[in-house]
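Asks: requesting a structural model of the entry that follows:
(4 chains)
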Number of protein chains: 2
Amino acid sequence: MRLTYSAEHAIITAMKVTQKDIAVRLNVSPSLVSRALTGTADVIGASEKTVKRIQEEAGRLNYHPSAAALALRGRPTGTLGLVIKDFDDPFFGHMVRELQRLAREAGYSLIMTGCDSKDSTTMDLFSLTKFGLDGLVLCGSDFLPDGLDALISTGLRVVQIGVGKKHNGVTAVCVDQARGMELLLRHLVELGHSQVGYVGDNSDPNRRRENLLATTMRKMGMTIRREWFIRSGKTGPDAGYEGMMHLIKIGHGALPTAVVMADDAFAITALRACHENGVEVPADLSIVGVDDIPFARMTIPALTTVRQPTEKLVRAAFSLIVGNGETKNRDCMVIEPELVVRESCAKPVR
Amino acid sequence: MRLTYSAEHAIITAMKVTQKDIAVRLNVSPSLVSRALTGTADVIGASEKTVKRIQEEAGRLNYHPSAAALALRGRPTGTLGLVIKDFDDPFFGHMVRELQRLAREAGYSLIMTGCDSKDSTTMDLFSLTKFGLDGLVLCGSDFLPDGLDALISTGLRVVQIGVGKKHNGVTAVCVDQARGMELLLRHLVELGHSQVGYVGDNSDPNRRRENLLATTMRKMGMTIRREWFIRSGKTGPDAGYEGMMHLIKIGHGALPTAVVMADDAFAITALRACHENGVEVPADLSIVGVDDIPFARMTIPALTTVRQPTEKLVRAAFSLIVGNGETKNRDCMVIEPELVVRESCAKPVR
DNA sequence: AATATTTCTTAAACCGCTCTAGTGAAATAA
DNA sequence: TTATTTCACTAGAGCGGTTTAAGAAATATT
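Replies: The predicted structure is shown next:
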């Protein structure tokens, strides 16, 4: 008898009905009840009428199996885990949704957790795994190596989405960022741009993007102006705004003609910074984002961006996790980005 | 190495470190390990150095208690659950983040799941619950009544965030929507508006908001034009856009001077629809949103909106879940919304 | 009639962990 | 010296299921 105490009155919650309750009531053994309720009829080895009797009694008593017991018993839990870096970023939100859909379709349920700061990461990883997962998807990079290693050493299937470099043998799905930068720069050059800047922050993936942009520019023979490569000190939604403000302030009179923003959230807030300073996009300045979040086509002007194909990423990750045979055990699957041309980039006037 | 093969899912479940592993490795009894890892030092009845030895070994082996076993044993699992309606909505994303922060600070870990469509809801609730949670936060309304009842009857502490009406006895935290509408309308009236429209969709909370707006308008003596109350057929990011397009098309020549959007996501996309049709905001039309998502102050024009104070909502929900004494067992906590005046509302020209 | 086979049912171990009730041994008290 | 207390630890049951090996009863085979 489980007693639950509530502020005013002591309330006695009815004990949860167990298989044993059914067994006692029908005067049969617990194991028979178990098999009658779970096994398929022909495999059971129990008389039809007994099975029916048990099932009826289970229904009558409103019996529901304890998942804790099931999990403890080591049966696959039909549960996939997802760790997301930042729920405030719409890009991840979209990802979550896609993965959830896929999981549901395949009969899995999906549980997830976030991990804001670096140091909390390991704990967050394990906060999921202690529930007994069938697989784990990591989304948003920079997880602590030791946490990861520990996880993988348990034999859990882990797939990482969106990291550029392979991380000590973790199976990964990533977008070919170099190719994205190439697509983007080619487009800008075609429009006539040669003065290109970048606004990002200090996070791992954004610094990586910065480097990639620079190397690709160099490869294409474009000159790089160090002062046009901004790393905003802020993080989160304000980072893009701050970065662009900074660029406009220091670049007074000598702005680049186009700026690559670390991602669409950066770009959206940069649009605002431009607006506040009378910088017209795309007339005075072209802006390009990365991700193609749902809002990207709703901004004014609509955002030209390098789409990270969410569905493909998620589908790939999923197949790596639950896949059998062919899709299994690949080190890294690379997804091609796509350039989405909208309004925020145009021919430079200068 | 323990490898379990399952026919159903064809997944090899991970080997987990158990207390027994630690016990064997240190040549002590499992019960001692248990007590060393859970009990308070002075209650334990174990030598300090042994306790330390055990704790160190636990850390070294990356031990994490099995939530299933804890749940089965009737112990708190240190885990809170969160069910989110739509991860694509930035408002919820923000909420997740806040709750996660709070949970972490209090030593809980947070796991969550989404629930897109109505029929999947019960399963989703269950997918979280089955491992034994210490509390569950429901966020985003319209959960199936029977699913909820079943949940609550297990004795689990459940708090619902953001529902207007109390739902069969579920503890709830909600924003005073009527007050929000009042704030908003008062502001519009002060600016000189009398022709007010609404764009929402068919979802429960948005229909409620629609009704609330109408009754508040009536209460304030404003006339309601049925054709200015739009329910977009779409859902998701496009709904606001579609709805506004529709309003502009049918209202040709007789637009309201202000439109209340169901939420900020709706408003942002409506801004785009206006832009595409040469409707200037706020010159030709004032637009007001609800929520105050991070992007709301970044749009052009910046969004005037009724803020749902995320931190307060989350903090309230959290205190109801883990709270002791005073904050416990309240049926419904009501949070006051705040009007955030930005650029998207102005005096009407007409 | 005796044995073999099939059919129905049960006892018991196990999953990881908690917790009560011990068990020795050393330390203190009588 | 013996009785008592403290201390550090162990044994074992139980949470709610599943599962394997084995026992009893009914039916089939020789």
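
Asks: how about stretch A:220-233: buried residues?
Replies: Neighbour-count burial for stretch A:220-233, counted by 16 or more other CB atoms under 10 Å in any protein chain shown, picks out A:222, A:228-232. For every residue, glycine as well, the C-beta is placed using N, CA and C.

Asks: what's the span of that stretch, first residue to last?
Replies: 29 Å (CA to CA, to the nearest Å).

Asks: now check it, is it near chain B?
Replies: No - judged by CB under 8 Å from any CB of the partner chain, stretch A:220-233 stays clear of chain B, getting no closer than 14.3 Å.

Asks: quick revisit: and which of the buried residues of stretch A:220-233 is nearest A:A172?
Replies: Within the buried residues of stretch A:220-233, proximity to A:A172 (CB to CB) peaks at A:R231, which comes in at 25.2 Å.

Asks: can you pull the contacts of the closest one?
Replies: A:200-202, A:207, A:210, A:243 (CB atoms under 8 Å, 6 or more residues apart in numbering or on different chains).

Asks: before we move on, back to that, just flag the most distant two among the buried residues of stretch A:220-233.
Replies: Of all pairs drawn from the buried residues of stretch A:220-233, the greatest distance, 22.7 Å, lies between A:M222 and A:S232 (CB to CB).

Asks: can you name the residues that contact the residue nearest to A:P294 when sequence neighbours are not counted?
Replies: Once its chain neighbours are removed from consideration, A:P294 has its nearest residue in B:P237; the separation is 4.3 Å (CB to CB, 6 or more residues apart in numbering or on different chains). By CB under 8 Å, 6+ apart, the contact set of B:P237 is A:294-295, A:298, B:88, B:265, B:269.

Asks: between the residues you listed, which is closest to A:R35?
Replies: Nearest to A:R35 among the contacts of B:P237, with distances taken as CB to CB, is B:D88, at 43.7 Å.

Asks: how far away is the residue nearest to the spatial centre of chain A from B:R231?
Replies: What sits nearest the mean C-alpha location of chain A, by CA atoms, centre = their mean, is A:C139, with 4.0 Å. Between A:C139 and B:R231 the distance is 34 Å, computed by CB to CB, to the nearest Å.

Asks: and if you look at A:A103?
Replies: Distance of A:A103 to B:R231, given as CB to CB: 31 Å.

Asks: would you list the phi and psi of A:T305?
Replies: Dihedral angles of A:T305 (phi, psi; degrees, to the nearest 10) stand at phi -150, psi 160.

Asks: beta partners of it?
Replies: Bridge pairing for A:T305 (DSSP bridges) gives the partners A:G289, A:V340.

Asks: quick one: contacts for it?
Replies: With contacts defined as CB under 8 Å, 6+ apart, the neighbours of A:T305 are A:264, A:267, A:288-292, A:296, A:339-340, A:342.

Asks: again, only this time at 7 Å
Replies: With contact set as CB atoms under 7 Å, 6 or more residues apart in numbering or on different chains, A:T305 has these partners: A:264, A:288-292, A:296, A:340.

Asks: A:I224 now?
Replies: By CB under 7 Å, 6+ apart, the contact set of A:I224 is A:214, A:217-218.

Asks: now, of those, which are buried?
Replies: The buried subset of the contacts of A:I224 - by 16+ other CB under 10 Å - is A:214, A:217.

Asks: circling back: could you turn the buried ones of the contacts of A:T305 into a PyMOL selection?
Replies: To isolate the buried ones among these in PyMOL, judged by 16+ other CB under 10 Å, type:
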select buried, chain A and resi 264+288+289+290+291+292+296+340
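
Asks: A:D124 is in contact with A:V83, isn't it?
Replies: Yes - in terms of CB atoms under 7 Å, A:D124 counts as a neighbour of A:V83; the distance is 6.2 Å.

Asks: any common contacting residues for the two?
Replies: Each of A:113, A:115 lies in contact with both A:D124 and A:V83 under the rule CB under 7 Å, 6+ apart.

Asks: tell me, how many residues neighbour A:P348?
Replies: Here the number of neighbours of A:P348 (other CB atoms under 10 Å in any protein chain shown) works out to 19.

Asks: no, scratch that, I was asking about A:S29
Replies: 12.

Asks: who's in contact with the spatially closest residue to it that is not a sequence neighbour?
Replies: Counting by CB to CB, 6+ apart, A:A23 is the residue found nearest to A:S29 once chain neighbours are left out, at 6.0 Å. With CB under 7 Å, 6+ apart as the criterion, the residues that contact A:A23 are A:29-30, A:33.

Asks: per-residue confidence for A:P337?
Replies: If you check A:P337, the pLDDT there is 96.

Asks: list phi and psi for the residue lying closest to it once chain neighbours are set aside.
Replies: Spatial nearest neighbour of A:P337, chain neighbours left out: A:G180 (3.8 Å); criterion: CB to CB, 6+ apart. As for A:G180, its main-chain torsions (degrees, to the nearest 10) stand at phi -60, psi -50.

Asks: what does A:D88 give?
Replies: Given degrees, to the nearest 10, the pair of backbone angles that A:D88 has is phi -80, psi -20.

Asks: and what of A:C139?
Replies: The phi and psi torsions at A:C139 (degrees, to the nearest 10) take the values phi -140, psi 110.

Asks: what is it paired to in the beta sheet?
Replies: Following DSSP bridges, A:C139 is listed with bridge partners A:I84, A:I161.

Asks: surely it and A:F92 touch.
Replies: Yes - distance between A:C139 and A:F92: 6.4 Å, which falls inside the contact criterion (CB under 7 Å).

Asks: quick check: neighbours shared by those two?
Replies: Each of A:84-85 lies in contact with both A:C139 and A:F92 under the rule CB under 7 Å, 6+ apart.

Asks: ok, now which ones touch the closest residue to DNA strand C within the stretch 101-250 of chain A?
Replies: Closest residue of the stretch 101-250 of chain A to DNA strand C, CB to the nearest atom of the strand: A:K130 (8.1 Å). When the contact criterion is CB under 7 Å, 6+ apart, the partners of A:K130 are B:64-67.

Asks: just among these, which is most surrounded?
Replies: Neighbour tally across the contacts of A:K130 (other CB under 10 Å): the maximum, 26 neighbours, falls on B:A67.

Asks: hang on, that one packs against B:L128?
Replies: No - using CB under 7 Å, B:A67 is not in contact with B:L128; the gap is 11.4 Å.

Asks: got the residues of chain A near DNA strand D?
Replies: A:15-16, A:18-20, A:30-31, A:34-35, A:37-38, A:63-66, A:68-70, A:72-73, A:75 (CB under 7 Å from any atom of the strand).

Asks: PyMOL command for the buried members of these?
Replies: One line in PyMOL is enough to select the buried members of these, burial here meaning 16+ other CB under 10 Å:
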select buried, chain A and resi 18+19+34+35+37+63+66+68+69+70+72+75
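
Asks: the residues of chain A next to DNA strand D in helices, which ones?
Replies: Using DSSP state H, the members of these that fall in helices are A:19-20, A:30-31, A:34-35, A:37-38, A:68-70, A:72.

Asks: give me the number of neighbouring residues for the residue of the stretch 101-250 of chain A found nearest DNA strand D.
Replies: Using CB to the nearest atom of the strand, A:G132 is the residue of the stretch 101-250 of chain A that sits closest to DNA strand D, at 12.3 Å. Neighbour count of A:G132, defined by other CB under 10 Å: 25.

Asks: hey, C-alpha coordinates of whichever strand or helix holds A:E190 in PDB?
Replies: Assigned by DSSP states H and E, A:E190 belongs to helix A:177-191. Below are the C-alpha coordinates for helix A:177-191, written out as PDB (Å, rounded to 0.1, in the frame of the first residue of the first chain):
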ATOM      1  CA  GLN A 177      30.300  22.700 -45.100                       C
ATOM      2  CA  ALA A 178      33.100  23.400 -47.500                       C
ATOM      3  CA  ARG A 179      30.700  22.700 -50.300                       C
ATOM      4  CA  GLY A 180      28.200  25.100 -48.800                       C
ATOM      5  CA  MET A 181      30.700  27.800 -48.600                       C
ATOM      6  CA  GLU A 182      31.700  27.200 -52.200                       C
ATOM      7  CA  LEU A 183      28.100  27.300 -53.400                       C
ATOM      8  CA  LEU A 184      27.500  30.500 -51.500                       C
ATOM      9  CA  LEU A 185      30.700  32.200 -52.600                       C
ATOM     10  CA  ARG A 186      30.200  31.200 -56.200                       C
ATOM     11  CA  HIS A 187      26.700  32.800 -56.000                       C
ATOM     12  CA  LEU A 188      28.100  36.000 -54.500                       C
ATOM     13  CA  VAL A 189      30.900  36.200 -57.100                       C
ATOM     14  CA  GLU A 190      28.500  35.700 -59.900                       C
ATOM     15  CA  LEU A 191      26.500  38.600 -58.600                       C
END
